[in-house]
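Visitor: coords below, sequence missing:
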Ligand code: NAD
Ligand code: MG
């Protein structure tokens, strides 16, 4: 029996992970599930899977969680610290599927106990790449990518030497506004940005796909995880979302990873790695698809994408600044305080402000420094938004 925990179990990735685990109940012992406000779903899943522990991020919902778990034998806990403690409970495999920078500290706890960390939470590597890789190494813990593009690159590199890689191409569907007239983008609404043409995901990543902030995070994630230089990373718009990534080698060969857009593939690969097992994922029918299309991204349509290279050039804590500023700008967009294109403007302004903060630029990458930087960057976004409103 493998002991598994799922951080962010009530979300889109969390539910897909539960779907795979629930199909083979004799193979897994569920240690901890964590969620947010959806107490009923968290409690139902914890009971159904016989988890040891269920944790909500919200301390004021502890009584509700206790009530929902009454008589089940599942322990209840609440709050940020309780989530980190859940991640530290001995387990063989931990899914990191919390959304946002909140996933970083629990992910580090899972690595410190030596568990294999299946990383859907891309923010972890964007905010603190070197700290995370250092922690994994120090504790002999395995870090496996779950983002579909990174799982694809990882699979294309099996048996290869990273030194033979010429470039890495990650694909992007182009999001909700791929075919919109440019001049209408500024007026795009939250509802319009929240529907994805190919993938069924949480609301925040879906909006980030429309703006390509998601792809910008993934470019940085590629740089951190695979240690390829910024110049070696490319993004291609691929509306069908069938080819998830390609690795080009020095000899001119290119390995493409293809599959139906279904996150259970990447989750299942990380769950069974280094084996490949059968998964409840549709096989590709290329004859039926007929054709696959690719084109270079138009940076006037996706100003957020270009920022990824600005962040990688800066290095250090710039990733933490970028992610926090992006998260806060997204909060303001969802609250309808700023427009769709204002998000990239606000984040670019915050990166400029970071350049003037000498003490931050040279600060070592510790969890404390990352969290303080995160806090400051959110404040800077608020300043920018207030300035514009006034
Ligand atoms: P989601 O919004 O559907 O779920 C997020 C989960 O995190 C929920 O369980 C929620 O309760 C929990 N959560 C939210 N805020 C929290 C906080 N402050 N503290 C603790 N828990 C909190 O998100 P998702 O789409 O499942 O994405 C999860 C992560 O996986 C994100 O980092 C996303 O970028 C990444 N990812 C998602 C997909 C996808 O297909 N959904 C694909 C690739 C990568
Ligand atoms: Mg992805």
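Guide: Arrived safely, thanks for sending. Owing to the predicted nature of the structure, the values given are computational and were not obtained by experimental measurement. Numbering: from 1, shown residues only. Ligands and ions are numbered 1, 2, ... in the order given.

Visitor: For ligand 1, give me its nearest residue in the stretch 101-250 of the chain.
Guide: Per Cβ to the nearest ligand atom, residue 202 is where the stretch 101-250 of the chain lies closest to ligand 1, at 2.7 Å. From N, CA and C alone the C-beta is placed, and that goes for glycine too.

Visitor: How about the closest residue to ligand 2 within the stretch 101-250 of the chain: what's its closest non-neighbour residue?
Guide: Nearest residue of the stretch 101-250 of the chain to ligand 2: residue 147, at 4.1 Å (Cβ to the ion). Distances taken as Cβ to Cβ, 6 or more residues apart in numbering put residue 122 closest to residue 147, at 5.4 Å, once the chain neighbours are dropped.

Visitor: wait, isn't that neighbour in contact with residue 149?
Guide: No - in this structure residue 122 lies outside contact range of residue 149 using Cβ atoms under 8 Å: 9.6 Å.

Visitor: can you pull out the strands in the stretch 1-150 of the chain?
Guide: 2-7, 28-35, 53-56, 75-78, 93-96, 116-119, 143-145 (DSSP state E, counting those that start in this stretch).

Visitor: how about these in TSV, adding distance to residue 342?
Guide: Listed next are the strands of the stretch 1-150 of the chain as TSV, based on distance: least, Cβ to Cβ, whole Å:
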stretch	distance to residue 342
strand 2-7	31
strand 28-35	31
strand 53-56	33
strand 75-78	35
strand 93-96	30
strand 116-119	30
strand 143-145	31
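
Visitor: Looking at these, spot the one closest to ligand 1.
Guide: strand 28-35 (4.2 Å).

Visitor: Around the residue nearest to residue 147, how many other residues sit close by?
Guide: Using other Cβ atoms under 10 Å, residue 122 is surrounded by 27 other residues.

Visitor: so how far is residue 22 from it?
Guide: Separation of residue 122 from residue 22 (Cβ to Cβ, to the nearest Å): 25 Å.

Visitor: now do residue 317
Guide: Taking Cβ to Cβ, one finds residue 317 at 40 Å from residue 22.

Visitor: hang on, the earlier thing: can you report phi and psi for the residue of the stretch 101-250 of the chain closest to ligand 2?
Guide: The phi/psi pair for residue 147 (degrees, to the nearest 10) reads phi -50, psi 140.

Visitor: Which residues of the stretch 1-150 of the chain lie near ligand 1?
Guide: Listed as neighbours of ligand 1 in the stretch 1-150 of the chain under the rule Cβ under 6 Å from any ligand atom: 8-14, 35-36, 57, 83, 97-100, 102, 120-123, 147.

Visitor: for the residue of the stretch 101-250 of the chain closest to ligand 2, what are its contacts?
Guide: Residue 147 is in contact with 119, 120, 122, 218, 221, 266, counting by Cβ atoms under 8 Å, 6 or more residues apart in numbering.

Visitor: ok, 7 Å please
Guide: Going by Cβ atoms under 7 Å, 6 or more residues apart in numbering, residue 147 touches 120, 122, 218, 221.

Visitor: mean confidence score for the helix or strand harbouring the last one?
Guide: Take DSSP states H and E as the rule and residue 221 turns out to sit in helix 213-226. Per-residue confidence for helix 213-226 averages out to 98 on the pLDDT scale.

Visitor: mind checking how far the residue of the chain most remote from its centre is from residue 43?
Guide: Distance from the C-alpha centroid of the chain peaks at residue 71, with 35.1 Å (Cα atoms, centre = their mean). The gap separating residue 71 from residue 43 is 11 Å, by Cβ to Cβ.

Visitor: gap between the spatially closest residue to residue 346 that is not a sequence neighbour and ligand 2?
Guide: Closest residue in space to residue 346, ignoring its immediate chain neighbours: residue 329 at 4.6 Å, by Cβ to Cβ, 6+ apart. Using Cβ to the ion, to the nearest Å, residue 329 is found at 20 Å from ligand 2.

Visitor: In the protein, which residue sits closest to ligand 1?
Guide: Counting by Cβ to the nearest ligand atom, the chain gets nearest to ligand 1 through residue 11 (1.8 Å).

Visitor: Contact partners for that residue?
Guide: Applying Cβ under 7 Å, 6+ apart, we find residue 11 in contact with 97, 99, 202.
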